[in-house]
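[1] could you look at this predicted model? Sequence included:
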Amino acid sequence: MKTTIDKLFKETTLSRDEFLYLLNNMDGDSLTYLRDKANERRVQEYGKAVYTRGLIEFTNHCIQNCVYCGIRYDNKNADRYRLSLEEILDCCKLGYKLGYRTFVLQGGEDPYYSDERIVDLVKSIKKTFPECALTLSLGEKNFSSLKQYYEAGADRYLLRHETASPTIYNKYHPNMCLQSRKKCLWDLKKIGFQVGAGFLVGLPGQSNEDYVEDLLFLKKLQPEMVGIGPFIAHENTPLEGASNGSITQVVTLLAIVRLMLPKVLLPATTALGSIDPTGREQGIKFGANVVMPNLSPTSVREKYALYDGKICVGDEAAECRQCIEGKVRNIGYSLDMSRGDHKNWRRL
């Protein structure tokens, strides 16, 4: 097993069979070795810095019906909301005072936010905070729309592919198409965004073979960012009561991605901290180097419920900032409040 991990460390890739061997035969000693190699690689590339992004969840309206998601269209129990431009700018102003230099605007696929509104939003934020990076996470868009957002000043775009397995994708994404999802990611690369892909871990029916497909797709795509999080069941979805994803599986895949894409920006997600009190710290130890504390108003945090048991919904933005800094410092790393761009990215 160590030989296979060493090969990944040295060559940054494995064959399909080797990736599957790694996942199928991971034991305690091998996991420790994998963690140490992933941490070694991250320190080589980024030192012990953990970059911060201020997350603003600005709408929980969504036209999609992803089976696992708490803000799916068919969830009639969801308390829907939209933040106004002024409310979003207020979140950014607060975040700026707290030291954030990257803002992440995340929402469901909400038709209310037309291209014109998104462009106005991007321009307003970049005009007010010109030295800050701006990330969008708005779901699938066509090439023309994405290009408008980039030309307005957006720097990054997060679009998790969710799963690279056509069977699993079709099962959990009604009326959606994996090829369309992938095309959107390739469009983002072509336009010039720093691109974030990623996948869920632990959906009912997922296997190690499916995760290998995710790894091979990521190696081909070469995204600047990768988000990997555990599936966590939501009570108002068809998957209510299903078993959640495993933190061990998630950190294993985080470490593999760190070795496979050495310079990648890799978040320790809020979902990790929601399934385990030390989840984000474990993610960092396994190669993650990004955290995204919440800047959304506390009045809407509970409403942006993709899954049950989400942490920090009642904390003020300053509390989130102080809390995550303490967690990072306690495990020997340091919070970096800069833009934290990918090393190889330059705006076109």
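    Thanks, I have the structure now.
[2] gap between the two ends of stretch 60-71?
    6 Å (C-alpha to C-alpha, to the nearest Å).
[3] what about that stretch, average pLDDT?
    Mean per-residue pLDDT for stretch 60-71: 98.
[4] mind listing what's buried along that stretch?
    Using 16 or more other C-beta atoms under 10 Å as the test for burial, stretch 60-71 gives 60-62, 64-71. From N, CA and C alone the C-beta is placed, and that goes for glycine too.
[5] which one of these is nearest to residue 116?
    Distance to residue 116, by C-beta to C-beta, is smallest for residue 61 among the buried residues of stretch 60-71, at 17.2 Å.
[6] my guess is that closest one meets residue 138, correct?
    No - Residue 61 is not in contact with residue 138 according to C-beta atoms under 8 Å; the separation is 11.5 Å.
[7] sorry, back to before: distance to residue 254 added to the buried residues of stretch 60-71, as a markdown table?
    Putting the buried residues of stretch 60-71 into a markdown table (distance: C-beta to C-beta, whole Å) gives the following:
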| residue | distance to residue 254 |
| --- | --- |
| 60 | 27 |
| 61 | 31 |
| 62 | 27 |
| 64 | 26 |
| 65 | 29 |
| 66 | 22 |
| 67 | 24 |
| 68 | 20 |
| 69 | 22 |
| 70 | 24 |
| 71 | 25 |
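[8] tell me who's in contact with the residue lying closest to residue 69 once chain neighbours are set aside.
    Excluding its sequence neighbours, the residue lying closest to residue 69 (C-beta to C-beta, 6 or more residues apart in numbering) is residue 306, at 5.6 Å. Contact analysis of residue 306 by C-beta atoms under 8 Å, 6 or more residues apart in numbering lists 69-71, 234.
[9] now these in a markdown table, with secondary structure and distance to residue 34?
    Listed next are the contacts of residue 306 as a markdown table, based on DSSP: H, G, I helix; E, B strand; the rest coil; distance: C-beta to C-beta, whole Å:
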| residue | secondary structure | distance to residue 34 |
| --- | --- | --- |
| 69 | coil | 30 |
| 70 | coil | 32 |
| 71 | coil | 34 |
| 234 | coil | 31 |
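[10] let's have these in JSON lines, adding distance to residue 346.
    Shown next, in JSON lines, are the contacts of residue 306 (distance: C-beta to C-beta, whole Å):
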{"residue": "69", "distance to residue 346": "34"}
{"residue": "70", "distance to residue 346": "37"}
{"residue": "71", "distance to residue 346": "35"}
{"residue": "234", "distance to residue 346": "39"}
